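*Asks:* using only what follows, build the 3D model:
(2 chains)
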Amino acid sequence: MSISAYLKQAGRVFGAAVLSAAALSAQAADPFKVGFVYVGPVGDHGWTYRHDLGRQAVQNEFGADVETTFVESVPEGADAERVVRKLASSGHDLIFTTSFGFMNPTLKVAKDFPDVKFEHATGYKRADNVSTYGARFYEGRAVIGTIAGMMTKTNTVGYIGSFPIPEVVRGINAFTIAMRKVNPDAEVKVVWVNSWYDPGKEADAAKALIDQGADIITQHTDSPAPLQVAEERGVLGFGQASDMSAFAPAAQLTSIIDNWDQYYVDRARAAMEGSWESMDTWGGIDTGMVSFPEYSADVPDDVKAAAEVVREGIIDGSFHPFQGPIMNQAGEEILAEGEVYDDKTLLGMDFYVQGVQGELP
Amino acid sequence: MNETLMLTVLTIITAATPLVYAAIGELVVERSGVLNLGVEGMMLAGAVCSFAVAHHTGSATLAILAGLLAGMLLASIFAFLTLSLQSSQVATGLALTIFGIGLSALLGQSLVGIAFAGLPSLHIPWLSDLPVVGRLLFSHDVLVYGSFAIVLLVSWFLNRSRAGLVLRAVGDSHDAAHALGIKVIRVRYLATLFGGGCAGLGGAYLSLVYTPMWAENMSAGRGWIALALVVFAVWQPGRLLLGAYLFGGISILQLHGQALGINVPSQLMSMLPYLTTILVLVLISRDRGRIRRNAPASIGQSFYPTS
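*Replies:* This is a model prediction of the structure:
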């Protein structure tokens, strides 16, 4: 070949080498996209706030290899499907949908996007590319129920519920059972606000319960409004999903904190490495998914000790929040002594135990 | 039991106050012949601005003023579009509601999750110490007293003052008023600004006292309830106070009902306040004569100066 032909050949080879190197590096730099769908605002200092901390943990752990996006305050319903679909079709590889009401929208979109992996919080339907996860919040309820039972003076505890779904009912029952173990005369009054996050209504519900004699307030809704009312009225309460003592320094005794960081990091890693599989995770105090902040100064030492016994008992298995004998509201024994409810019964719980006033809607 | 009743009534008063503010402002606006559907947006604007000012300056007075001005600002946009540019009042009002909701959410993004101590209750030297009435009527914060005062003021203004007569004339027949030499556009501007300011105060009450925090869309439809209450009250201030307390009362009582264990589904209980309002509105509207007598005849119609 002539010199010019050699040079042309060399040029082509060189050009190809450069292009393929560029292509390879572009592929390697393509970040793994993780999407998060939140039911409330990140600043709720409750449920969504903790999920966002999990997202930040993923971002911090993997740095430039991962790109996280989140959409907040997505109402459960038709709009949810639109948001999940948008995330799935814009290149996200792993999507977390963080509320029970996103269950059907998630499954619908998952069918259309078999290569995208979905993680649905607190749900019970799975698919090949849909996992479910949740935390055993009821274990946390058992600990705070113990505290409430020992500290209530009027023997009435106010419980602000969101929706009458098994998860919330489970929490009410676990709380009541633990409370009555230390104080058989105490009762729980429940008010439903039919929303996960509505500070005005939650505050109204707290006022109604306090006006009816409750001196301890607990909630399964996401804003700090009930605790604010408790602080204003001089009663005590428990925070929900995160430490709400900034809103109620005197009122908050302790709080149930949801800790999603480790789970999110583990699942993101599994998805990136290709070892991700559809499964159900239900972690509790033992795996760190449920934790508590410091007890407030108002909690006496004997109450603290009792709460710690329960908490450690749950971790080592000697204490189960749903261990018989358990009575229903009519006083009949529905669970014999020593027996324990299995996960299936817990997941479908639709009845109140003795000590809860009123009927389940 | 007596204590529970007292506390319940106090809670009802606080629940009704934002409605009173928004509705009394809207009453004045509608009496002047303008239909302002943007109340919800103005309430939220007032809520977010007053909370922002309260958080940054710590002064309750400045915060209340900020809420008032924020509502007025949004109302001035509405007034300019409908009175000077003669756009459709209904469409503009709806647009302003959506605008107010979105704008407040945007401005409030950095405010979510911040705690605020709330306004203190004012203690009036002799009146607050009266046995029952003292606690019930005279141990509230300044905005609740303001709501009582505004209703009295508006009632006197509309029925006993010359300026109120002019306003009612504009509302009943803007053409006749114009022929008399009354400056229709100016009267309507002032009324709209007043209405917006009141809605802003209602919003300020929500974020400063009711739940001392900012949350997106925290008025939760109260602006729309206020609009319904104005019709419910047949455009009379006294009836309006009654309507607001009725609505607030039912909202609170349904929660009490749940706490007492009354066996009605909670979703139905949540619907009760709205169902009651609709029921009363239907009953009132059956007497078409009453509506015709009391409704401002030129409400919702744009004014085109003919000379």
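*Asks:* per-domain residue ranges of chain A.
*Replies:* A:29-136+A:260-283, A:137-257+A:290-357 (automatic domain parsing).
*Asks:* nearest to B:Trp235, of these?
*Replies:* Of all the domains of chain A, domain A:137-257+A:290-357 sits nearest to B:Trp235, with 27.2 Å by C-beta to C-beta. No exception for glycine: its C-beta is placed from N, CA and C like everyone else's.
*Asks:* how far does that closest one stretch from start to finish?
*Replies:* This stretch, domain A:137-257+A:290-357, spans 21 Å end to end (C-alpha to C-alpha, to the nearest Å).
*Asks:* average pLDDT for that domain?
*Replies:* What domain A:137-257+A:290-357 shows for mean pLDDT is 89.
*Asks:* for that domain, what is the distance to the chain centroid?
*Replies:* Counting by C-alpha atoms, centre = their mean, to the nearest Å, domain A:137-257+A:290-357 is centred 16 Å from the centre of its parent chain.
*Asks:* ditto for stretch A:115-127
*Replies:* 14 Å.
*Asks:* out of the domains of chain A, which is closest to chain B?
*Replies:* Closest approach to chain B among the domains of chain A (C-beta to the nearest C-beta): domain A:29-136+A:260-283, 2.7 Å.
*Asks:* tell me the residues of the stretch 51-200 of chain B that contact chain A?
*Replies:* Counting by C-beta under 8 Å from any C-beta of the partner chain, the residues of the stretch 51-200 of chain B close to chain A are B:109, B:111-113, B:115, B:118.
*Asks:* chain B: helices as residue ranges?
*Replies:* Applying DSSP state H to chain B gives helices spanning B:2-31, B:39-57, B:60-79, B:89-107, B:133-138, B:142-160, B:162-172, B:174-179, B:184-205, B:222-232, B:237-260, B:266-286, B:288-294.
*Asks:* mean neighbour count, the ones you listed: which tops it?
*Replies:* Mean neighbours per residue, mean count of other C-beta atoms under 10 Å in any protein chain shown, is largest over the helices of chain B for helix B:39-57, with a mean of 28.
*Asks:* how close does the closest residue to A:Ala135 other than its chain neighbours get to chain B?
*Replies:* Leaving aside its chain neighbours, A:Ala135 sits nearest to A:Met289 (4.0 Å; criterion: C-beta to C-beta, 6 or more residues apart in numbering or on different chains). Computed as C-beta to the nearest C-beta, to the nearest Å, the A:Met289 to chain B distance reads 22 Å.
*Asks:* in JSON lines: the domains of chain A, plus distance to B:Thr11.
*Replies:* Listed next are the domains of chain A as JSON lines, based on distance: least, C-beta to C-beta, whole Å:
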{"stretch": "domain A:29-136+A:260-283", "distance to B:Thr11": "23"}
{"stretch": "domain A:137-257+A:290-357", "distance to B:Thr11": "5"}
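*Asks:* just the ones you listed: most buried one?
*Replies:* domain A:137-257+A:290-357 (a mean of 21).
*Asks:* isn't the residue nearest to A:Ala135 up against A:Ile257?
*Replies:* No. Assessed by C-beta atoms under 8 Å, A:Met289 is found out of contact with A:Ile257, at 9.5 Å.
*Asks:* can you put the helices of chain B in JSON lines and add mean pLDDT?
*Replies:* Below are the helices of chain B laid out as JSON lines (pLDDT from 0 to 100):
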{"stretch": "helix B:2-31", "mean pLDDT": "91"}
{"stretch": "helix B:39-57", "mean pLDDT": "95"}
{"stretch": "helix B:60-79", "mean pLDDT": "95"}
{"stretch": "helix B:89-107", "mean pLDDT": "95"}
{"stretch": "helix B:133-138", "mean pLDDT": "71"}
{"stretch": "helix B:142-160", "mean pLDDT": "94"}
{"stretch": "helix B:162-172", "mean pLDDT": "95"}
{"stretch": "helix B:174-179", "mean pLDDT": "93"}
{"stretch": "helix B:184-205", "mean pLDDT": "96"}
{"stretch": "helix B:222-232", "mean pLDDT": "90"}
{"stretch": "helix B:237-260", "mean pLDDT": "89"}
{"stretch": "helix B:266-286", "mean pLDDT": "82"}
{"stretch": "helix B:288-294", "mean pLDDT": "80"}
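*Asks:* closest one to A:Gly355 among these?
*Replies:* helix B:237-260 (15.1 Å).
*Asks:* and A:Pro75, what does it touch?
*Replies:* Applying C-beta atoms under 8 Å, 6 or more residues apart in numbering or on different chains, we find A:Pro75 in contact with A:Val39.
*Asks:* can we see that at 6 Å?
*Replies:* Contacts for A:Pro75 (C-beta atoms under 6 Å, 6 or more residues apart in numbering or on different chains) come out as none.
*Asks:* same question for A:Asp204.
*Replies:* Residues in contact with A:Asp204 (C-beta under 6 Å, 6+ apart) are B:252, B:255.
*Asks:* what do you get for the one 10 residues further on?
*Replies:* With contacts defined as C-beta under 6 Å, 6+ apart, A:Ala214 is in contact with A:156-158.
*Asks:* return the member of those residues nearest to A:Ala297.
*Replies:* Out of those, the member with the shortest distance to A:Ala297 (by C-beta to C-beta) is A:Val157, at 20.9 Å.
*Asks:* ok, and what's touching the one helix or strand that closest one maps to?
*Replies:* Taking DSSP states H and E as the definition, A:Val157 sits inside strand A:156-161. Residues outside strand A:156-161 that contact it (C-beta under 6 Å, 6+ apart) are A:148, A:168, A:172, A:187-192, A:202, A:205, A:209, A:213-214, A:216-221, A:226.
*Asks:* now that strand against helix B:266-286, angle please.
*Replies:* 80 degrees (axes from the mean of the first three to the mean of the last three C-alpha atoms, to 10 degrees).
*Asks:* and strand A:156-161, which strands flank it?
*Replies:* strand A:187-192 (parallel), strand A:216-219 (parallel) (DSSP bridges).
*Asks:* on contacts alone, who are the packing partners of the helix or strand just after that strand?
*Replies:* Downstream of strand A:156-161, the first helix or strand assigned by DSSP H and E is helix A:166-182. For helix A:166-182, the helices and strands in contact under the criterion 3 or more C-beta pairs under 6 Å, 6 or more residues apart in numbering or on different chains; DSSP states H and E are helix A:137-151.
*Asks:* check which helix or strand covers the closest residue to A:Val309 other than its chain neighbours.
*Replies:* Residue nearest to A:Val309 in three dimensions, not counting chain neighbours: A:Phe319, with 7.7 Å by C-beta to C-beta, 6+ apart. According to DSSP H and E, A:Phe319 maps onto no helix or strand at all.
*Asks:* was I right about A:Phe319 contacting A:Gly313?
*Replies:* Yes. Between A:Phe319 and A:Gly313 there is a contact under C-beta atoms under 6 Å: 2.8 Å.
*Asks:* does B:Leu19 touch B:Ala244 like I think?
*Replies:* Yes. Between B:Leu19 and B:Ala244 there is a contact under C-beta under 6 Å: 4.2 Å.
*Asks:* and the residue nearest to A:Glu232 when sequence neighbours are not counted, how far is that from A:Glu273?
*Replies:* Leaving aside its chain neighbours, A:Glu232 sits nearest to B:Gly118 (7.0 Å; criterion: C-beta to C-beta, 6+ apart). According to C-beta to C-beta, to the nearest Å, B:Gly118 and A:Glu273 sit 51 Å apart.
*Asks:* now do A:Phe96
*Replies:* According to C-beta to C-beta, A:Phe96 and A:Glu273 sit 18 Å apart.
*Asks:* tell me the secondary structure at A:Ile334.
*Replies:* For A:Ile334, the assignment made with DSSP: H, G, I helix; E, B strand; the rest coil gives strand.
*Asks:* residues in contact with it?
*Replies:* A:326, A:328.
*Asks:* what residues are up against A:Met327?
*Replies:* Per C-beta under 6 Å, 6+ apart, neighbours of A:Met327: A:333, A:354.
*Asks:* many thanks, have a good one.
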